[in-house]
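Undergrad: structural data only, the sequence is not supplied:
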């Protein structure tokens, strides 16, 4: 279980990861182009540090600095090497954007390195809507830095956050909160979904007959294991990027504006992102109390129960931690 919370600055593991981050970036950028924060800046005003905790281990950290002009700056994004490709950075960035909106910031900014080492982080920022732009503040335009900006629509002024009260009748889907549970699957399957991010949309309006998610697949990500439902119809509509649809034994590259539907008991299917850019799509599925899910390529079966999804192998033996009740998602993924 990953928990994101304000970092305890007296925790040696937190400080060690911050110091490692600062030292590591010198391997990829010249010293005059490194602007990592000193530890004393975390202890002073204007900077808030979050840490991702996996039981007793610090899995990652990230900071938000108040720039004093109604905007904030993302700093010190780092995932511990033992927890790479598990969605840690995405959860930390989601915590920062949530806090920035609560504070009423009009934008978030960040600077990062231009070396190939920084590309995975840049793809994460772009999947959140950050767009590359000009330098800001005191940073030099020296060719070793890249600058990204995210315009925010805060809850107080525009009331667009999907996780806010049900009084809202329309929201900006891109600002919806990320589902905290990265996947309903048990291991060893859940970790295969580390490059996928779901933003539940329908539940904030009280919809109960079907679920709707805005889903982002980072490069190398997959939408689900190859699967088919017994009672659930599914539909996807591509918003950004070019995912590959795997259906039965065929593969089809989709483009923005294309859609696909999967009737219950039809061909098994899933999407994959085999490109270098994020893929964003809407997925819709009805909710049926008798639904089961078959995974022809994996030793896994999912069955809907009153308590949530129950996952077993094909011999009927439950996986450890195999039952999950997820009110935000009708899909066994």
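TA: Here it is on my side, so go on. Remember, predicted model here, so these are calculated numbers, not experimental data.
Undergrad: now residue 136, nearest residue through space, not along the chain?
TA: Of all residues not flanking residue 136 in the chain, residue 109 sits nearest, at 5.5 Å (C-beta to C-beta, 6 or more residues apart in numbering). Bear in mind the C-beta positions are built from the backbone N, C-alpha and C, glycine included.
Undergrad: ignore the last one, residue 51
TA: residue 7 (3.9 Å).
Undergrad: does the residue nearest to residue 136 count as helix, strand or coil?
TA: Here residue 109 takes the strand state, with states given by DSSP: H, G, I helix; E, B strand; the rest coil.
Undergrad: show me the residues around the residue nearest to residue 51 that make contact.
TA: 14, 42, 49-51, 61 (C-beta atoms under 8 Å, 6 or more residues apart in numbering).
Undergrad: how near is it to residue 78?
TA: According to C-beta to C-beta, to the nearest Å, residue 7 and residue 78 sit 12 Å apart.
Undergrad: joint contacts of those two?
TA: residue 61.
Undergrad: residues in contact with residue 134?
TA: Applying C-beta under 8 Å, 6+ apart to residue 134 gives the contacts 141, 147.
Undergrad: what's the pLDDT at residue 330?
TA: Looking at residue 330, its pLDDT reads 46.
Undergrad: again, but for residue 259
TA: With respect to pLDDT, residue 259 scores 97.
Undergrad: quick one: low-confidence ranges for the stretch 101-250 of the chain?
TA: Scanning the stretch 101-250 of the chain for pLDDT under 70 picks out 153-169, 180.
Undergrad: show the backbone phi and psi for residue 213.
TA: Here is the backbone geometry of residue 213 (degrees, to the nearest 10): phi -130, psi 140.
Undergrad: quick check: it touching residue 198?
TA: Yes - using C-beta atoms under 8 Å, residue 213 makes contact with residue 198 at a distance of 4.6 Å.
Undergrad: quick one: the strands in the stretch 201-333 of the chain?
TA: Using DSSP state E, counting those that start in this stretch, the strands of the stretch 201-333 of the chain run over 210-217, 228-229, 234-240, 244-247, 250-253, 259-262, 269-272, 279-286, 292-294, 301-305, 308-312, 318-324.
Undergrad: now render those strands as a markdown table, adding distance to residue 187 and mean neighbour count.
TA: What follows is these, written out as a markdown table (distance: least, C-beta to C-beta, whole Å; neighbours: other C-beta atoms under 10 Å):
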| stretch | distance to residue 187 | mean neighbour count |
| --- | --- | --- |
| strand 210-217 | 20 | 23 |
| strand 228-229 | 22 | 24 |
| strand 234-240 | 24 | 18 |
| strand 244-247 | 22 | 18 |
| strand 250-253 | 27 | 10 |
| strand 259-262 | 26 | 16 |
| strand 269-272 | 18 | 21 |
| strand 279-286 | 23 | 21 |
| strand 292-294 | 17 | 19 |
| strand 301-305 | 14 | 18 |
| strand 308-312 | 10 | 19 |
| strand 318-324 | 8 | 14 |
